[in-house]
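J.: coords please:
(chains A and B)
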Amino acid sequence: MSGTESVELLTAVRQFLREEVLPELDGFKAYTTRVAANALGIVARELEMGAGLAELDKQIASTLDLDEQAGPVTRQIALALRDGTMTQDQRVLSYLRQRTLHACAIDNPKYSGLHQARARWLR
Amino acid sequence: MEETLTGTSDVKAMADCLQAALLGVEQTALANGASIEGLARLSGGANMETWSFDWVRSAETEPLILRRLPGQTRDVENAVGELTLKDEAALIDIAGRYGVPVPVVRLVLRPEHALGQGYIMSRERGEALPFRLLADDCYRDARERLAFQCGQTLGRIHKIPLESLPEGLSDHSGVLLFQRAQELLDTHGNLSPVLQLGLNWLRDRPRREPLRTLVHGDFRNGNLLVDEDGLVAVLDWELAHLGDPVQDLGYICANVWRFGSPKPVGGFGDYADLLAGYESVTGIAPVMADIHYWQVHAALSWGMVCLRMLEMYRSGEDSSLERAAVGRRLSEAEIDLLLLMEGESA
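T.: As a prediction, the model looks like this:
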């Protein structure tokens, strides 16, 4: 790709919303503009970090011998947990922790629970 | 969160309807040049509307709130098992009679009012925005009292006799709770193994001999109106149902409703104060293991709300940005669930 990268564009739009638009607004529109700027941040982080989620899914599919062509790995595991054909073993739990840490770091890196989880699981 | 509609004629027509509705119950005000002032929409949901306005008569200004579903004149069966607005109004009225601080229901809308389905209630003073309540110095005393007051208030809610409650309350007691949750996860394509794990965890640990009472269902920082002295009114009754009363106590201690504060009860208080307030009214002191159980449930509930809002966005039922964005908060609920489930075994 040549020219401005997607993440750069998103960052620029986000900065525009925050610094140029937001000060002009109040009430419900200011609130929604903040939500919009946050949403762009999520997309930017996903562009940069999203491959990590796919990699974790690939690993667990290989570990548990799941067929990745048979739909999302998360769905296959959720259904197996629901039907009792899979119990919550250490490999599954470890995968779910890593995946959720990664997803939350994309969705809301400031979430207080994320900091607690990192402190506990990444020692 | 004020948003004045751009179509001023709509607001004018709505003000006329409100005036006629309120005059209908108060003919004498007609002669005194009554009017509706400052009509403004407060919340941004696409369906349910909340409006603020003043009902001004010669010597008196009455601050009021309208909650309504526009265009609906009959009771609407809500897809997610929420109360109808008519039952919600009835419930607020009953709660008030049993000593729960609530707004005063002023008028339940009827078809002839041409305002849709809903009701008008008093607009109480106070602040409900969590970040203000947790940060502003003027609420320092209130923050110290609030956990105890929440315990007392939940005690009063749970003591309301079942026979005085509206019939439309849905039953979430016993296995019904798990069935409803599983149906919801199935409806949303079973894409979260963590939510499923949370539901399995709850199902594997049924409560022993739980009570069955009115449960507010959304009793948290953000739905409590607070002034400098503490709790003024409990808002947002649309998720009320029948179930295990400890659910409400765990819910207000959920991490997601602490807004980043380290204090466990709503971000403002401690467990001991909440439980002492509850015991002072009910004589019952729930144990921390029960609180923990319902914290797991609260995290699962938040995850399910995220799924439901995403579905509302995808189906076009509510195409607002807020609905689309909240779907991405699912991972917060998942983090909390994994932490909480670990907490018990640790």
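
J.: From now on I want contacts and neighbour counts done on CA atoms only, so please keep to that.
T.: Fine.

J.: Can you name the residues that contact B:Glu127?
T.: B:Leu133, B:Leu224, B:Leu225, B:Val226, B:Asp227 (CA atoms under 8 Å, 6 or more residues apart in numbering or on different chains).

J.: Spatially, and excluding backbone neighbours, which residue is closest to the last one.
T.: In this structure, B:Asp227 finds its nearest non-sequential neighbour in B:Gly126, 4.6 Å apart by CA to CA, 6 or more residues apart in numbering or on different chains.

J.: circling back: which of the contacts of B:Glu127 fall in strands?
T.: B:Leu224, B:Leu225, B:Val226, B:Asp227 (DSSP state E).

J.: Can you tell me which of the residues you listed lies closest to chain A?
T.: Proximity of these to chain A (CA to the nearest CA) peaks at B:Leu225, which lies at 18.5 Å.

J.: For chain B, what lies in contact range of chain A?
T.: Listed as neighbours of chain A in chain B under the rule CA under 8 Å from any CA of the partner chain: B:1-3, B:42-44, B:189-194, B:196-197, B:200, B:255, B:260, B:321-322, B:325, B:328-329, B:331-332, B:334-336, B:338-339.

J.: Now do the closest residue to B:Asn221 other than its chain neighbours against chain A, distance only.
T.: Spatial nearest neighbour of B:Asn221, excluding adjacent residues (CA to CA, 6+ apart): B:Gly266 at 5.2 Å. Separation of B:Gly266 from chain A (CA to the nearest CA, to the nearest Å): 14 Å.

J.: Quick check, central residue of chain A?
T.: A:Ala103 (2.7 Å; CA atoms, centre = their mean).

J.: meant to ask about chain B, not that
T.: B:Asp236 (2.8 Å).

J.: next one: phi and psi at B:Ile65?
T.: Dihedral pair for B:Ile65: phi -130, psi 140, per degrees, to the nearest 10.

J.: Pull the contacting residues for it.
T.: The contact partners of B:Ile65, taken as CA under 8 Å, 6+ apart, are B:Thr50, B:Trp51, B:Ser52, B:Phe53, B:Ile120, B:Met121, B:Ser122, B:Arg123.

J.: give me the beta-bridge partners of the third one?
T.: Right, the one you point to is B:Ser52. On the basis of DSSP bridges, B:Ser52 is bridged to B:Ala40, B:Ile65.

J.: for the residue nearest to the centre of chain A, what are its contacts?
T.: By CA under 8 Å, 6+ apart, the residues touching A:Ala103 are A:Leu53, B:Ser331.

J.: I'd like the distance between the residue located most distally from the centre of chain A and chain B.
T.: Using CA atoms, centre = their mean, the residue of chain A lying farthest from its centre is A:Glu24. It sits 30.8 Å away. Distance from A:Glu24 to chain B, counting by CA to the nearest CA: 14 Å.

J.: now for the lengthiest helix in chain A, which elements pack on it?
T.: Of all the elements of type helix in chain A, the one with the most residues (DSSP state H) is helix A:27-64. Using 3 or more CA pairs under 8 Å, 6 or more residues apart in numbering or on different chains; DSSP states H and E, the elements in contact with helix A:27-64 are helix A:6-16, helix A:73-83, helix A:90-107, helix B:321-326.

J.: and the end-to-end length of stretch B:167-186?
T.: 28 Å (CA to CA, to the nearest Å).

J.: Would you mark the buried spots in that stretch?
T.: Neighbour counts over stretch B:167-186 (16 or more other CA atoms under 10 Å in any protein chain shown) mark B:168-174, B:177-178, B:181-182, B:184-185 as buried.

J.: quick one: it to chain centroid distance?
T.: For stretch B:167-186, the separation from the chain centroid amounts to 18 Å (computed by CA atoms, centre = their mean, to the nearest Å).

J.: cool, and stretch B:130-143?
T.: 20 Å.

J.: Dump the C-alpha coordinates for it into CSV.
T.: The C-alpha coordinates for stretch B:130-143 follow below in CSV (Å, rounded to 0.1, in the frame of the first residue of the first chain):
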residue,chain,number,x,y,z
PRO,B,130,-21.6,7.8,38.0
PHE,B,131,-18.5,9.8,37.2
ARG,B,132,-19.8,12.9,39.0
LEU,B,133,-21.0,10.9,42.0
LEU,B,134,-17.7,9.2,42.3
ALA,B,135,-15.5,12.3,41.8
ASP,B,136,-17.2,15.5,42.9
ASP,B,137,-16.4,16.8,46.4
CYS,B,138,-20.0,17.8,47.1
TYR,B,139,-21.0,14.1,47.1
ARG,B,140,-18.3,13.1,49.7
ASP,B,141,-20.8,12.7,52.6
ALA,B,142,-23.3,11.0,50.2
ARG,B,143,-20.7,8.5,49.1
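
J.: now that stretch: mean pLDDT?
T.: Stretch B:130-143 carries an average pLDDT of 96.

J.: buried sites along it?
T.: Residues of stretch B:130-143 classed as buried: B:Pro130, B:Leu133, B:Leu134, B:Tyr139, B:Arg140, B:Ala142, B:Arg143 (neighbour count, 16+ other CA under 10 Å).

J.: Give me the residues contacting it.
T.: Contact with stretch B:130-143 is made by B:127, B:221-222, B:226-231, B:259, B:261, B:267-269, as judged by CA under 8 Å, 6+ apart.

J.: if we go to 7 Å?
T.: Residues outside stretch B:130-143 that contact it (CA atoms under 7 Å, 6 or more residues apart in numbering or on different chains) are B:Asn221, B:Gly222, B:Asp227, B:Glu228, B:Asp229, B:Gly230, B:Gly267, B:Phe268, B:Gly269.

J.: show me where chain B has strands.
T.: B:35-41, B:49-57, B:60-69, B:105-108, B:117-122, B:213-215, B:224-227, B:230-234, B:241-243.

J.: would TSV of those with mean pLDDT be doable?
T.: Below are the strands of chain B laid out as TSV (pLDDT from 0 to 100):
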stretch	mean pLDDT
strand B:35-41	90
strand B:49-57	90
strand B:60-69	92
strand B:105-108	94
strand B:117-122	94
strand B:213-215	97
strand B:224-227	96
strand B:230-234	97
strand B:241-243	95
